[in-house]
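> fold the stuff below for me.
(chains A and B)
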Amino acid sequence: MVKVRFAPSPTGFLHIGSARTALFNWLFARHEKGVFVFRVEDTDKERSKDEFLQEIISSLEWLGMSWDEGPYYQTKRIDVYRDYAKKLFREGKAYEAEGTLGGEKAIILAMPKGTITLDDLVHGPVSFDMNLQKDLVLMKSDGFPAYNFACVIDDFDMKVTHVIRGDDHISNTPKQLAVYQALAIDPPKFAHIPLILGTDRSRMSKRHGATSISDYRQMGFLPDALVNYISLLGWAPTGDREVMPIDEIIREFSLERVGKTGAVFDINKLIWMNGEYIRARKIEDLIPLVVPRIKESGAIRDDYDKGRLTEVVRLFHPRAKTITELADSVAPFFTDGVTYDEAAVASVLAKEGVKAKLEVVIAKFSSLKTFDPQTLETCIRDLASESGTKAADFIHPIRVAVTGCKVGASLFETIALIGKEKTIMRLKAGLAKALSKYDSGPI
RNA sequence: GGCCCCUUCGUCUAGUGGCCCAGGACGGCAGCUUCUCAAGCUGUAGACACGGGUUCGAUUCCCGUAGGGGCUACCA
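This next block holds a predicted model:
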């Protein structure tokens, strides 16, 4: 029975790299129908914080990774580590030393001589000259176990069969192997997966920008899109598939197909993939995701028109890349005023002939009995042919006057959803805007 | 500095000696569509770090060089 673990230390938010490590462990466990253990490595009492743990747990849940065992807390197992360390001390394999952290003596393991070879599942055999290795602190003088010791004891006690972790731990492995050796117990199998890199190819960190799962959640990414994207960092399925549901990723996942080279996190590809997932998602399922964000902007309250919101979301559904973007596109449909993009006003509204066109449109719209996309399209196209110009010459100024910017969804559907009264109000506001610009100087 | 890891298009990658004058995806560029944007469709540019071997034949195997990264805590 395969058993793996994810063992973060709660000293910060769930990092994208840790999340990917968790994901590979989880995928491996699910693929092998094994057990996924969640362990909290909280032995650094200075840096460990409960708020971080809570954040890590909620991010894991948001991503859809559930564990079968745990959480185990290392701080609750201090006696276990101490007993093992004492045993090693009694056997003469470890020695004590005065410490600087607290009242207790540190227990230190003497490193063996010779060579230790790690048989890594992704890297193959890696040898280390143990004569170069410093003796390893097992128990710190504050009475807490050191990472490389607690980790070994836990993996052994919890019967972990495969340790899947970041490449950066590869140099810790000989130390841990020395502990297994001293204890005369069998080590698990190791698989060191490549790191996730920033654009400068160094390990992804704060200075590269957003690094935590919560950051990406906040930015409006969908969990399944994020999971799909990071699963492709350091791993590839057979064939040319990339966008694939989680069940298929689980079915396809194997350590043999994990690569060795660090992977640069490419937010552009994530954005694209998120767009794919948004488009694949039903409108009804998107509504509960955008509503809180629109509420935040103040555009709607609890008594919003649900039917109308659905229609507006439908309008932007094919073009939104993130939930944030979708909410930002939808919100203006529920506000009275318009925020004008001055550049758009200058290039589209403040032009000769626009004033006259807008006046005609206002007059025409006012006389309309129905205000649906078909009627509006016919209306504008007729207006254009009557005045001998292209429909575009009407459409662009109307869009800027009504929405404040040059780009957006289909104009006729847009103004139909905004409604006759509000559209005319905004056309007038746009007209005033055009006039003030036009008057203030030559074009 | 020492030890270790890595090296295919800008990026993620496929490729396990001939199927590769290297395939896919994102991004770029061009075009189609069109009321703008996005989406969609079509096309296009773009990589085996370098040098030695091994072999009838190397992107694939070996050695070296260069470059990048990681570790080097009584942090995890």
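> contact residues of the stretch 51-200 of chain A facing RNA strand B?
A:97-101, A:106, A:123-124, A:126-129, A:132, A:134, A:137, A:140-142, A:144, A:146-148, A:167-172, A:194-195, A:197, A:200 (C-beta under 7 Å from any atom of the strand). (C-beta placed from N, C-alpha, C; glycine too.)
> same thing but at 6 Å, please
A:97-101, A:106, A:123, A:126, A:128-129, A:132, A:137, A:140-141, A:144, A:146-147, A:167-168, A:170-172, A:195 (C-beta under 6 Å from any atom of the strand).
> which residues are contacting the one helix or strand residue A:148 maps to?
Secondary structure from DSSP states H and E places residue A:148 in helix A:147-157. The contact list for helix A:147-157 (C-beta atoms under 8 Å, 6 or more residues apart in numbering) reads A:5, A:7, A:39, A:41, A:43, A:72, A:74, A:77, A:80-81, A:84-85, A:109, A:136-139, A:145, A:160, A:163, A:172, A:175-176, A:179-180, A:183, A:185, A:188.
> just the buried residues of these.
Applying 16 or more other C-beta atoms under 10 Å to the contacts of helix A:147-157, the neighbour count classes A:5, A:7, A:39, A:41, A:43, A:72, A:74, A:77, A:81, A:84-85, A:109, A:136-139, A:145, A:160, A:163, A:175-176, A:179-180, A:183, A:188 as buried.
> on that earlier part again, go through the residues of the stretch 51-200 of chain A next to RNA strand B and flag which are in helices.
Mapping those onto helices (DSSP state H) picks out residue A:147.
> restrict stretch A:325-338 to CA atoms and write it as CSV.
The C-alpha trace of stretch A:325-338 is given here as CSV (Å, rounded to 0.1, in the frame of the first residue of the first chain):
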residue,chain,number,x,y,z
GLU,A,325,-12.2,40.6,-14.9
LEU,A,326,-15.7,39.2,-15.3
ALA,A,327,-16.9,41.0,-12.2
ASP,A,328,-15.3,44.2,-13.4
SER,A,329,-17.0,44.0,-16.7
VAL,A,330,-20.4,43.2,-15.2
ALA,A,331,-20.5,45.8,-12.4
PRO,A,332,-20.9,48.9,-14.6
PHE,A,333,-24.2,47.5,-15.8
PHE,A,334,-25.6,48.0,-12.3
THR,A,335,-24.3,51.5,-11.6
ASP,A,336,-25.8,54.9,-12.7
GLY,A,337,-22.8,56.8,-13.7
VAL,A,338,-20.0,56.1,-16.2
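> and that stretch, which residues are buried?
A:325-334, A:338.
> next one: that stretch, is it in contact with RNA strand B?
No. Using C-beta under 6 Å from any atom of the strand, stretch A:325-338 stays clear of RNA strand B, with a minimum separation of 9.1 Å.
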